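Peer 1: with the sequence up front, the predicted model follows.
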Amino acid sequence: MRHTRVLLAVLALAAAPVALAGDAQVPEKVAVCAACHGADGKAILPLYPHLAGQYSNYIEQALREYRSGARKNPVMAPQAATLTDKEIRQLAEYYGHLPGTLHTPNIHTGAKK
């Protein structure tokens, strides 16, 4: 039943117009991603990763690996299979520029000189 609801949400968002962030540069495929990863890149359920603020090169590599089959995930593989290189770059840049809760500590703060 839960999978049916997720599938219906994906289909509804895929058909919806793209106006998720109020930005003309929002990639068209964001509507599909938003079904699990949230319109703002913050996942709708704990089992999905947050994408907002993630390193764009990480997102790009992960999507390419899902597409090639090097990275295995039964949900992401078919999603990534339809993406072009340009769409992957656009999605990675979009999510990489959203404000997120990810934090990379500065290991040099407070270091003795």
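Peer 2: That came through, no problem.

Peer 1: could you list the low-pLDDT ranges of the chain?
Peer 2: 1-24, 102-113 (pLDDT under 70).

Peer 1: one more time with 50
Peer 2: 4, 6-24 (pLDDT under 50).

Peer 1: quick one, strands of it?
Peer 2: For the chain, applying DSSP state E gives no strands.

Peer 1: let me see the ranges of the helices in it.
Peer 2: 2-15, 30-37, 56-68, 76-81, 85-97 (DSSP state H).

Peer 1: comparing those helices, which comes out most buried?
Peer 2: Among these, the stretch with the highest mean neighbour count (mean count of other C-beta atoms under 10 Å) is helix 30-37, at a mean of 21. For the C-beta atoms, the positions are set from N, CA and C on the backbone; glycine is no exception.

Peer 1: which helices and strands does that one pack with?
Peer 2: Applying 3 or more C-beta pairs under 8 Å, 6 or more residues apart in numbering; DSSP states H and E, one finds that helix 30-37 makes contact with helix 2-15, helix 85-97.

Peer 1: residue 71 contacts residue 62, correct?
Peer 2: Yes: at 6.4 Å, residue 71 counts as touching residue 62 under the criterion of C-beta atoms under 8 Å.

Peer 1: returning to that earlier point: could I get the helices of the chain as a markdown table with distance to residue 47?
Peer 2: Listed next are these as a markdown table, based on distance: least, C-beta to C-beta, whole Å:
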| stretch | distance to residue 47 |
| --- | --- |
| helix 2-15 | 10 |
| helix 30-37 | 9 |
| helix 56-68 | 16 |
| helix 76-81 | 12 |
| helix 85-97 | 18 |
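
Peer 1: closest one to residue 48 among these?
Peer 2: Among the helices of the chain, helix 30-37 comes nearest to residue 48, with 4.5 Å by C-beta to C-beta.

Peer 1: could you check the angle helix 56-68 makes with that closest one?
Peer 2: Interaxial angle of helix 30-37 relative to helix 56-68 (axes from the mean of the first three to the mean of the last three C-alpha atoms, to 10 degrees): 90 degrees.

Peer 1: okay, helix 30-37 in CSV with CA atoms only?
Peer 2: Written as CSV, here are the backbone C-alpha positions of helix 30-37 (Å, rounded to 0.1, in the frame of the first residue of the first chain):
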residue,chain,number,x,y,z
VAL,A,30,12.9,18.2,-10.1
ALA,A,31,9.2,17.4,-10.0
VAL,A,32,9.9,13.7,-10.1
CYS,A,33,12.7,13.9,-7.5
ALA,A,34,10.4,15.9,-5.2
ALA,A,35,8.1,12.9,-4.7
CYS,A,36,10.7,11.4,-2.4
HIS,A,37,13.3,14.0,-1.7
